[in-house]
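Asks: Return a 3D structure for these sequence lines:
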Amino acid sequence: MSAESRDYFIVGQRFDAPALAPGLYVVATPIGNLRDITLRALETLAAADTILCEDTRTSARLLDHYGIKGRREALHEHNERDKADAIVARVADGAAIALISDAGTPLLSDPGFPLIRALAEAGQPIFPIPGASALLAGLVVAGLPTDAFAFHGFLPAKAGGRKNALEKFKDSRETLVFYESPRRIAGTLATMAEVWGPRPAVVALELTKRFERTRRGSLSELAEQFSGEETKGEAVIIVAGATETAVAAADWHAALAEAMADQPLRAAVDEVAARFGLKRKDVYDAALARKAKG
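Replies: Numbering: from 1, shown residues only. Model (predicted):
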């Protein structure tokens with residue numbers, strides 16, 4: 001690459017990119033909004049000898065937007081193992097190579113792992129250029145615990161495999177995070193409700209994009225919401241982990257009756273929901289039913 005081409009543009013203003021040390025640079029790119037690129041990512045992509053793209057046509061939208069003209073080469077799940085050794089050799093010869101996926105952080109349900117492992121085994125330098133991630137974007141808006149969480153990517157596409165996979169996570173205490181395609185959201189939520197029961201969950205759709213939206217509710221409520229809806233864009237599903245012990249319905253119903261005897265309905269509902277870690281709507285519905293019976 002010529003020295004003149006190591007540049008990028010922001011709103012028409014040209015910037016020079018400093019030279020890179022040899023190595024592979026794992027570069028996070030926007031998951032929707034092109035402005036979510038970091039300055040360091042732009043410098044790295046502009047200065048790299050080669051940019052490895054999951055799909056060069058998809059990456060062109062981002063690279064062309066910022067005037068980055070460097071050499072682009074496809075690296076995806078079908079060729080990454082075959083190409084790994086040659087790329088390791090190029091890095092060993094002094095090349096600075098950037099790795100990007102179609103969106104977000106490479107390797108998180110995206111290609112790149114065989115290449116990173118090959119470079120690590122060869123003792124070649126690997127540099128992270130952090131940035132956007134749908135996993136983290138969904139997690140931080142969910143309102144579920146973030147002190148411990150587990151990311152499980154995409155579940156199996158077939159219903160039987162999906163159910164078997166979810167059974168393995170049934171007793172996991174940490175918040176659980178999954179990616180899902182739009183055509184399988186309803187089925188996945190329904191299977192989660194069947195296997196895990198009425199846990200709180202969040203579905204984050206089209207994060208950082210124009211029609212970004214977040215749905216909250218129990219797994220069964222969300223499954224019902226999505227059952228008759230045509231959904232676009234991949235989703236992040238975030239689900240509360242298993243509680244330490246299951247709450248016996250008889251116990252909280254008895255506590256609700258006692259609370260309603262000497263408190264206003266809403267105050268009784270709030271107390272019982274907080275005390276037993278229950279979804280407020282479930283307790284409120286039970287309170288209304290109890291009140292209707294007299």
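Asks: separation between the residue nearest to Val27 when sequence neighbours are not counted and Ala96?
Replies: Spatial nearest neighbour of Val27, chain neighbours left out: Ile129 (4.3 Å); criterion: Cβ to Cβ, 6 or more residues apart in numbering. In short, each C-beta sits where N, CA and C put it, glycine included. Distance, Ile129 to Ala96, by Cβ to Cβ, to the nearest Å: 12 Å.
Asks: Common neighbours of these two, please.
Replies: Residues touching both Ile129 and Ala96 (Cβ atoms under 8 Å, 6 or more residues apart in numbering) are Tyr25.
Asks: Identify the residues contacting Leu63.
Replies: Contact partners of Leu63, counting by Cβ under 8 Å, 6+ apart, are Leu45, Ile51, Lys69, Gly70, Arg72.
Asks: Run through who's touching stretch 65-76.
Replies: In contact with stretch 65-76 (Cβ under 8 Å, 6+ apart) are residues 1, 5-10, 14, 34, 37, 42, 45-46, 48-56, 59-60, 63, 83, 87, 99, 111-112, 115.
Asks: then it to PDB, C-alphas only?
Replies: Taking Å, rounded to 0.1, in the frame of the first residue of the first chain, the C-alpha atoms of stretch 65-76 are listed here in PDB:
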ATOM      1  CA  HIS A  65     -18.100   5.600   4.100                       C
ATOM      2  CA  TYR A  66     -14.800   6.600   5.800                       C
ATOM      3  CA  GLY A  67     -12.800   6.700   2.600                       C
ATOM      4  CA  ILE A  68     -10.600   3.700   3.500                       C
ATOM      5  CA  LYS A  69      -9.100   2.200   0.300                       C
ATOM      6  CA  GLY A  70      -6.900  -0.600   1.700                       C
ATOM      7  CA  ARG A  71      -6.700  -4.100   0.200                       C
ATOM      8  CA  ARG A  72      -9.700  -6.300   1.300                       C
ATOM      9  CA  GLU A  73      -9.700 -10.000   1.500                       C
ATOM     10  CA  ALA A  74     -12.500 -12.400   2.400                       C
ATOM     11  CA  LEU A  75     -12.100 -14.500   5.500                       C
ATOM     12  CA  HIS A  76     -15.200 -16.500   6.600                       C
END
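Asks: Give the buried residues for that stretch.
Replies: Neighbour-count burial for stretch 65-76 flags Tyr66, Gly67, Ile68, Gly70, Arg72, Ala74, Leu75, His76 (criterion: 16 or more other Cβ atoms under 10 Å).
Asks: host element of the fifth one?
Replies: Same thing as Arg72. strand 71-74 (DSSP states H and E).
Asks: Give the partner strands of that strand in its sheet and their orientations.
Replies: With DSSP bridges as the test, strand 71-74 is paired with strand 50-53 (parallel).
Asks: quick one: average pLDDT of the next helix or strand after the strand it pairs with?
Replies: Where DSSP H and E defines the elements, the next helix or strand beyond strand 50-53 is helix 56-65. On average, the pLDDT along helix 56-65 is 97.
Asks: Give the buried residues for the helix or strand harbouring Ala261.
Replies: Under the criterion DSSP H and E, the helix or strand holding Ala261 is helix 249-262. By 16+ other Cβ under 10 Å, the buried positions in helix 249-262 come out as Trp252, Ala255, Leu256, Ala259, Met260.
Asks: follow-up on the earlier one: quick one, what contacts the residue nearest to Val27?
Replies: By Cβ under 8 Å, 6+ apart, the neighbours of Ile129 are Tyr25, Val26, Val27, Ala28, Thr38, Arg40, Ala41, Thr44, Ala98.
Asks: Check it and give its pLDDT.
Replies: Ile129 carries a pLDDT value of 98.
Asks: hang on, the earlier thing: can I get whatever helix or strand comes next after the helix holding Ala261 in PDB, CA atoms only?
Replies: Using DSSP H and E, the next helix or strand after helix 249-262 towards the C-terminus is helix 265-276. Extracted in PDB, the C-alpha atoms of helix 265-276 (Å, rounded to 0.1, in the frame of the first residue of the first chain):
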ATOM      1  CA  LEU A 265     -53.600  -3.600  47.100                       C
ATOM      2  CA  ARG A 266     -50.700  -2.000  45.300                       C
ATOM      3  CA  ALA A 267     -48.600  -1.800  48.500                       C
ATOM      4  CA  ALA A 268     -49.300  -5.500  49.200                       C
ATOM      5  CA  VAL A 269     -48.300  -6.400  45.700                       C
ATOM      6  CA  ASP A 270     -45.100  -4.500  45.900                       C
ATOM      7  CA  GLU A 271     -44.200  -6.000  49.200                       C
ATOM      8  CA  VAL A 272     -44.800  -9.600  48.100                       C
ATOM      9  CA  ALA A 273     -43.100  -9.200  44.700                       C
ATOM     10  CA  ALA A 274     -40.000  -7.800  46.300                       C
ATOM     11  CA  ARG A 275     -39.900 -10.300  49.200                       C
ATOM     12  CA  PHE A 276     -40.200 -13.400  46.900                       C
END
